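Participant: Kindly return the folded structure for what I paste below:
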Amino acid sequence: MKSLDELKKDVFDKLAQFPKIEAFFKDSLEERIKINDNWIENALVHVVLKNYIAQDHPLQILMDTLYADEENFETLRNKLRSQDDYDQKMNDVLAELNGYYHLKKAGFKEIKALSEDRKQKKPDFSAEKDGVYYLFELKNLRSPVDLFNVLLDKYYARMFRFPEIYSNLGFDITSSNTWRDFTFDPNKTRVLYNNCLNWLISAFKTIESSTIDELIIIQSFEDKFENEIFRIDCKLRRGCPPGMIFGFKRAICISDPRTRRDNLYPFIKKIVAKVGDGIDQLLEFDQVNTYKKYLLINWQGSGDRRVFYDKECHTIVKQIDILVKGISDNIFVKLLDFDTLP
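Facilitator: So this is what the prediction gives:
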């Protein structure tokens, strides 16, 4: 077992191997760690502890681009404040780092990261190219976050603390059909969400207090959601590669219409909401229409959801850009990593 203090030391020892990344994240991450023990579920912590960072890692490339720009480095770094929802805010800041990288790559000049202002919402960047002035608002979309993501975050946090228990323990999780239709909305499903997390904590305690031989069945979770039974069955096997194996994925082809719907519908709903909010911000800031205005979508997809649906998601963004032209021909919606700028 590793104590939280030992894990904290591991995190900062490994961060120190990458001075530019350390300079950007260390201070705010130290403050985040003081708030509660859930820091071990932070996305950057997972990347560091799993030794995913290398010199060619995307985060290192972003830092290499930003590091020499002292003013913008400090402006973006200061957006990571521990009193905010730090773990969520980190995803937004990573999106802005990616946006800055693409602006530099596209040859924009006078790039300026705009400081946050609680009195007036501002776009994320202003810039100039060929005598034309631009505003850029970044909106970050994560691939649909459902219970699988929650389970993975909790699982990896326990694996870091108890490597001797989880290093060769494989999870086989199956669920009722309702699982695939279920996306957590914390405002509407807080009770079910908390019940499920309580069950998960109990499952981990069972694992950590038991002698697990070849197979153990963790007590199933079952609850009602909108008059339907929501059920999870979990089996654990020794001698497996660490990680979760989701039972239903073995039976459903990635091209199955229902699977595509489950992945693309949440994306459409999210992007429409984000685009509306972003356009409001751009128009409010530039009421006299001085700038060309770009809404940049950063999609933090993961796994098969990113690999198999990039083309569809890009098509969705292009169609939304066409619709936005009906509002203003001076507003553009682009998907980072796919569309060229400007």
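Participant: And for stretch 282-294, what's in contact with it?
Facilitator: Contact partners of stretch 282-294, identified using CB atoms under 8 Å, 6 or more residues apart in numbering, comprise 120-123, 126, 132-137, 295, 328, 330-334, 341-342. C-beta coordinates here come from the backbone N, C-alpha and C atoms, glycine included.
Participant: Longest helix of the chain, counting residues only.
Facilitator: Counting by DSSP state H, the longest helix found in the chain is helix 257-285.
Participant: Could I get the average pLDDT for whatever helix or strand comes next after that helix?
Facilitator: Downstream of helix 257-285, the first helix or strand assigned by DSSP states H and E is strand 292-300. Taken as a whole, strand 292-300 has an average pLDDT of 92.
Participant: same thing with stretch 232-244?
Facilitator: Here the average pLDDT along stretch 232-244 is 68.
Participant: coming back round to it: could you pull out the buried residues of the longest helix of the chain?
Facilitator: Using 16 or more other CB atoms under 10 Å as the test for burial, helix 257-285 gives 259, 262-264, 266-267, 270-271, 274-275, 278-279, 281-282, 285.
Participant: got a list of what the nearest residue to F73 once chain neighbours are set aside touches?
Facilitator: Spatial nearest neighbour of F73, chain neighbours left out: L66 (5.4 Å); criterion: CB to CB, 6 or more residues apart in numbering. Contact analysis of L66 by CB under 8 Å, 6+ apart lists F24, N72, F73, L76, L97, Y100, Y101.
Participant: My guess is E312 contacts L264. True?
Facilitator: Yes - between E312 and L264 there is a contact under CB atoms under 8 Å: 5.8 Å.
Participant: distance of E128 from A95?
Facilitator: 22 Å (CB to CB, to the nearest Å).
Participant: Just want to know which of these two has more residues nearby.
Facilitator: A95 (22 against 14; other CB atoms under 10 Å).
Participant: where in the chain is pLDDT low?
Facilitator: Counting by pLDDT under 70, the chain contains low-confidence residues at 84, 143-149, 173-189, 211-219, 225-228, 238-263, 301-309.
Participant: rerun that using 80 as the cut-off
Facilitator: Along the chain, segments meeting pLDDT under 80 span 54-56, 82-84, 117-120, 142-152, 167-193, 210-221, 223-267, 300-310.
Participant: Which SSE is immediately downstream of the strand or helix carrying V93?
Facilitator: If you go by DSSP H and E, V93 is part of helix 86-105. As assigned by DSSP H and E, the chain's next helix or strand after helix 86-105 is strand 109-113.
Participant: which residues in the stretch 101-250 of the chain form strands?
Facilitator: 109-113, 125-129, 132-142, 169-175, 215-225, 228-238, 243-246 (DSSP state E, counting those that start in this stretch).
Participant: how's this protein carved up into domains?
Facilitator: Recorded structural domains for the chain (assignment: automatic domain parsing) are 4-105, 147-250.
Participant: Nearest to I320 among the ones you listed would be which one?
Facilitator: domain 4-105 (17.5 Å; CB to CB).
Participant: can you tell me the distance between the two ends of the closest one?
Facilitator: One end of domain 4-105 sits 40 Å from the other (CA to CA, to the nearest Å).
Participant: How far off centre is that domain?
Facilitator: Domain 4-105 sits 13 Å away from the centroid of its parent chain (CA atoms, centre = their mean, to the nearest Å).
Participant: what about E312, distance to S209?
Facilitator: E312 is 45 Å from S209, by CB to CB.
Participant: now do Q88
Facilitator: 33 Å.
Participant: So between these two, which is more surrounded?
Facilitator: Q88 (11 against 7).
Participant: Run a quick neighbour tally on the closest residue to K270 other than its chain neighbours.
Facilitator: Distance criterion CB to CB, 6+ apart; nearest residue to K270, sequence neighbours excluded, is L141 at 5.3 Å. L141: 21 surrounding residues under other CB under 10 Å.
Participant: pretty sure L141 contacts G278?
Facilitator: No - here L141 does not reach G278: they are 11.3 Å apart, not a contact under CB under 8 Å.
Participant: In which helix or strand does the nearest residue in space to V47 that is not next to it in sequence reside?
Facilitator: Using CB to CB, 6+ apart and skipping the chain neighbours, the partner closest in space to V47 is I53 (6.1 Å). Using DSSP H and E, I53 maps to neither a helix nor a strand.
Participant: Next up, the contacts around I53.
Facilitator: K14, Q17, F18, I21, V47, L59, Q60.
Participant: I would like a PyMOL command selecting only the buried ones among these, please.
Facilitator: Command for PyMOL that selects the buried part of those, burial taken from 16+ other CB under 10 Å:
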select buried, resi 14+18+21+59
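Participant: could the contacts of I53 go into TSV alongside secondary structure?
Facilitator: Output for the contacts of I53, formatted as TSV (DSSP: H, G, I helix; E, B strand; the rest coil):
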residue	secondary structure
K14	helix
Q17	coil
F18	coil
I21	helix
V47	helix
L59	helix
Q60	helix
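Participant: so what's the residue nearest to K270 bridging to?
Facilitator: W299 (DSSP bridges).
Participant: where's it relative to N298, distance?
Facilitator: L141 is 7 Å from N298, by CB to CB.
Participant: again with A106
Facilitator: Taken as CB to CB, the span from A106 to N298 is 15 Å.
Participant: Settle it for me: which of these two has more neighbours?
Facilitator: N298 (21 against 12).
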